[in-house]
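>>> any chance you could fold what I've pasted below:
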Amino acid sequence: MEKNSTFKMNQKVMLVIATRTEMGFTATIDGIQEGVLYKNEVFQPLKVGEKISGYVKKVRDDGKIDLCLQKPGYKAVDALSASIMYKLRHQKGFLAVTDKSRPEVIAELFGVSKKVFKKTLGNLYKKRMITLEEDGIRIREKDKDTSAGSPNRRHANRFSKGPRHGSSQRRGAKGAAPKIKKSRT
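Coordinates of the predicted model:
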């Protein structure tokens, strides 16, 4: 195998599992070079001779390559987000798994590390797509009056922003109606 790698970080590659080692598995990358899949990053059963797609996690200074089976970084989060939302929709909006669930449970359900799972849950929570409960995660139910594109939202926004352009009425401080001056007669 060659020392000067033609592979780049995060590159998608085709792997053939070569051997099982104490560290994990060695795999031939695109039939050109060998790399390592570390056992703590493999969340599915693998067999010697199996062909599987993977990613270049790191090209080391010595030319050796570390591999992974999931998309690295936030690409993994995006793919897992879609998977979690799909499962939530097909489980009546609730999954009995949390960021405190055992790594083995997370790996069995989603085929990813606990670290990637937690990052993904945080992302979904920030986007207000899920709620985190003590015993699981739930799809966040959107308020019907504030859901995008609903007639009720457009109606509410029209009145919550104050007068429209062209209105002769002006608002005073803190949205209060203007004071009417009394005429002296």
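>>> which stretches of the protein form strands?
12-20, 24-29, 33-38, 51-59, 65-68, 94-95, 130-133, 136-139 (DSSP state E).
>>> make TSV out of these and add mean pLDDT, distance to residue 121 and mean neighbour count.
Where you see a C-beta, it was placed from the backbone N, CA and C, and this is true even at glycine. Below are those laid out as TSV (pLDDT from 0 to 100; distance: least, C-beta to C-beta, whole Å; neighbours: other C-beta atoms under 10 Å):
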stretch	mean pLDDT	distance to residue 121	mean neighbour count
strand 12-20	94	25	16
strand 24-29	94	26	20
strand 33-38	94	23	20
strand 51-59	91	22	17
strand 65-68	92	20	20
strand 94-95	94	10	18
strand 130-133	93	7	16
strand 136-139	94	7	18
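>>> in CSV: those strands, plus distance to residue 88.
Converted to CSV, the strands of the chain look like this (distance: least, C-beta to C-beta, whole Å):
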stretch, distance to residue 88
strand 12-20, 27
strand 24-29, 31
strand 33-38, 29
strand 51-59, 26
strand 65-68, 25
strand 94-95, 6
strand 130-133, 7
strand 136-139, 5
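>>> looking at those strands, which is closest to residue 117?
Residue 117 lies closest to strand 136-139 among those, at 10.4 Å (C-beta to C-beta).
>>> the closest one pairs with which strands?
In the sheet, strand 136-139 lines up against strand 94-95 (antiparallel), strand 130-133 (antiparallel) (DSSP bridges).
>>> can you list the ones you listed in CSV and add distance to residue 83?
Below are those laid out as CSV (distance: least, C-beta to C-beta, whole Å):
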stretch, distance to residue 83
strand 94-95, 11
strand 130-133, 13
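>>> wait, which of the ones you listed is closest to residue 8?
Among the strands paired with strand 136-139, the nearest to residue 8 by C-beta to C-beta is strand 130-133 (33.8 Å).
>>> report the distance from the closest one to the chain centre.
Relative to its parent chain, strand 130-133 has a centroid offset of 15 Å by C-alpha atoms, centre = their mean, to the nearest Å.
>>> could you do stretch 129-141 as well?
Remark: stretch 129-141 is offset 15 Å from the chain centroid, using C-alpha atoms, centre = their mean.
>>> got it, and stretch 110-125?
Distance, centroid of stretch 110-125 to centroid of chain: 7 Å (C-alpha atoms, centre = their mean).
>>> now the helices for this structure?
74-89, 103-110, 114-126, 151-160 (DSSP state H).
>>> with mean pLDDT and distance to residue 49 added, can I get those in a markdown table?
Below are the helices of the chain laid out as a markdown table (pLDDT from 0 to 100; distance: least, C-beta to C-beta, whole Å):
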| stretch | mean pLDDT | distance to residue 49 |
| --- | --- | --- |
| helix 74-89 | 81 | 26 |
| helix 103-110 | 88 | 23 |
| helix 114-126 | 89 | 27 |
| helix 151-160 | 38 | 56 |
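>>> winner for burial among those helices?
Mean neighbours per residue, mean count of other C-beta atoms under 10 Å, is largest over those for helix 114-126, with a mean of 18.
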